[in-house]
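[1] I'd like to go over a predicted model; first the sequence, then the structure.
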Amino acid sequence: MPMQSEIILIIIISIVVIKYFVDIYLSKLEQKSLYFPIPDMLNDIYDSETIKKQRNYKLEHIRLSNLESFINFIVLIFVLYFGIFGKLDAFLRNQLKHSPISDYLVPITYFFIIGFAYKVLNIPFHYYSIFKIEKKYGFSNYTKKLFVTDLLKQIFVSIIIGLPLLIITLKVYFSLNQWFVPLMFLVFVFFIVFINYFYTTLILPLFNKLTPLPDEELKEKIKNYCEQSKFKIKDVYIIDESKRTTKANAFFSGFGKKKKIVLYDTLLKDFNHNEIIAILLHEIGHYKHKHIIKFILLSMLQIAFVLTILWLFLKFKIFSEALGSPYPSFHIGITAFGILYSPISFLESLLINQISRKYEYQADNFVKKFNHNQNLISSLKKLARKNYSHLTPHPLIVKLLYSHPPLKDRIINLL
Ligand SMILES: [Zn+2]
């Protein structure tokens, strides 16, 4: 391997190693924070018996995810050190060299194998999390059959969305290379808008049954508040998420007049009307402050930036060589790019989380306008109790990884 490619490989491996140790350090901080004293305003959430259970629940999840990162780390280092990415590429090129469309078949098969291997590596952890931890603490209603069908449907959806996207990307890269950045930008924008628009009509029904909200009284109340805040909706739906979990949630989806409000059936079971309305007002607050549009614009900016760097990056052969392939190739280049870009993408997520936490306060302030503060507080507490939320997260972890402010800060803001 030429000297320069060797240096690149060393940089790639260093990034993987540093990332792993940062993760370990953060997980230690998180464990420590489980024993921080609970602020007075939150001491009605868990009794002394439940707090012990909640701690053990979090500890079990932390341990599982530590094991998962360790295995992923070891496998990735092994793959990088022995140039497996390059070997896989050479093998596929050799097998598919007689095919007239081998330029396309090689990268497609390559990504399929990598994606499949990653999935296989991580399924046991997902399984353990649901059937050993979530079940033990009474949160999971999953059956084995549902687990398998969910998995197959997820694979189906990622192929249906990923394959056309990959073919278009390759086509543009091979035939219209100088227009790669603007054209791929348009393609990604189209996909984002398409998925946002059709999420509740095309994707969600694969996993859940959507039915119009049967509680007419609640529906009237919700429609009333939507009208007051000039929030146009098509209808209010419930989904049968209780088949998977006892945890609760609500969201809306779509644009313009076609927006749909979706409530988990678990929310209807345990929350009173005022609490549900307070949660919805918070969601409407996000919409009124144009948070959704702003996030979509921000992600477009991000995509434009990534595409530009990627396009420049793919011109250099040394990145493919660093991963063990003598030919500069699109798919090997992307693999190297994925790892080399990860420190920048960490910084990006830092910024996005910061903005997102600010938006959460703005959405909570919208609820205040309707004097539903106390109802939102009581539903947030109920959600925390039902989800075994961590009440005293470490400040550094909040800064780095939290998209929502900690419960205590939200309550102070709402009071
Ligand atoms: Zn929110």
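    On my side now, so go ahead.
[2] Pull up the residues of this structure that are close to the ion.
    360, 363 (Cβ under 5 Å from the ion). Bear in mind the C-beta positions are built from the backbone N, C-alpha and C, glycine included.
[3] now the strands for the chain?
    Here the chain has its strands, by DSSP state E, at 210-212, 235-239, 250-253, 260-264.
[4] Who does the shortest one pair with, and is each partner parallel or antiparallel?
    In the sheet, strand 210-212 lines up against strand 235-239 (antiparallel) (DSSP bridges).
[5] can you tell me how far the closest residue to the ion within the stretch 101-250 of the chain sits from I77?
    Minimum separation of the stretch 101-250 of the chain from the ion (Cβ to the ion) falls at A250, amounting to 10.1 Å. Going from A250 to I77 by Cβ to Cβ, to the nearest Å gives 42 Å.
[6] K258 now?
    K258 is 48 Å from I77, where distance means Cβ to Cβ.
[7] one step back: between A250 and I77, who's got more neighbours?
    A250 (20 against 14; other Cβ atoms under 10 Å).
[8] Write down the beta-bridge partners of the more buried one, one by one.
    In this entry, A250 is beta-bridged to L263, by DSSP bridges.
[9] any low-confidence regions in the stretch 301-415 of the chain?
    By pLDDT under 70, the stretch 301-415 of the chain contains no weakly predicted segment.
[10] quick revisit: give me the pLDDT value at the residue of the stretch 101-250 of the chain closest to the ion.
    For A250, the pLDDT comes out at 85.
[11] Run through the residues that contact I24.
    Going by Cβ atoms under 8 Å, 6 or more residues apart in numbering, I24 touches 66, 69.
[12] Likewise for F316?
    328, 333.
[13] Domains in the chain, by residue range?
    3-33+49-140+289-414, 210-270 (automatic domain parsing).
[14] Do I have it right that the residue of the stretch 101-250 of the chain closest to the ion meets L280?
    Yes: A250 is within contact range of L280, at 6.4 Å (criterion: Cβ atoms under 8 Å).
[15] Pull up the overlap in contacts between those two.
    With Cβ under 8 Å, 6+ apart, A250 and L280 have common neighbours I261.
[16] Can you read off the pLDDT for F255?
    75.
[17] Could you give the number of residues near it?
    Counted with other Cβ under 10 Å, F255 comes out at 12.
[18] and it, backbone torsions?
    Dihedral pair for F255: phi -120, psi 170, per degrees, to the nearest 10.
[19] Now do the helices in the stretch 151-300 of the chain.
    Using DSSP state H, counting those that start in this stretch, the helices found in the stretch 151-300 of the chain span residues 180-198, 204-207, 216-228, 265-270, 273-288, 291-313.
[20] who are the neighbours of the last one, in terms of helices and strands?
    Which is helix 291-313. Under the contact definition 3 or more Cβ pairs under 8 Å, 6 or more residues apart in numbering; DSSP states H and E, helix 291-313 sits against helix 180-198, helix 330-340, helix 342-369.
[21] ok so, going back, may I see the domains of the chain arranged in TSV, with distance to V187 as well?
    Output for the domains of the chain, formatted as TSV (distance: least, Cβ to Cβ, whole Å):
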stretch	distance to V187
domain 3-33+49-140+289-414	10
domain 210-270	20
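[22] Single out the most deeply packed of the helices of the stretch 151-300 of the chain.
    helix 273-288 (a mean of 21; mean count of other Cβ atoms under 10 Å).
[23] Output it in PDB with nothing but the alpha carbons.
    Extracted in PDB, the C-alpha atoms of helix 273-288 (Å, rounded to 0.1, in the frame of the first residue of the first chain):
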ATOM      1  CA  HIS A 273     -58.500  14.900  27.900                       C
ATOM      2  CA  ASN A 274     -56.700  18.000  29.200                       C
ATOM      3  CA  GLU A 275     -53.300  16.200  29.300                       C
ATOM      4  CA  ILE A 276     -53.700  15.000  25.700                       C
ATOM      5  CA  ILE A 277     -54.700  18.500  24.600                       C
ATOM      6  CA  ALA A 278     -51.700  19.900  26.300                       C
ATOM      7  CA  ILE A 279     -49.400  17.500  24.400                       C
ATOM      8  CA  LEU A 280     -51.100  18.300  21.100                       C
ATOM      9  CA  LEU A 281     -50.800  22.100  21.800                       C
ATOM     10  CA  HIS A 282     -47.100  21.500  22.200                       C
ATOM     11  CA  GLU A 283     -47.000  19.800  18.800                       C
ATOM     12  CA  ILE A 284     -49.100  22.600  17.300                       C
ATOM     13  CA  GLY A 285     -46.600  25.000  18.800                       C
ATOM     14  CA  HIS A 286     -43.800  23.400  16.800                       C
ATOM     15  CA  TYR A 287     -45.800  23.900  13.700                       C
ATOM     16  CA  LYS A 288     -46.800  27.500  14.500                       C
END
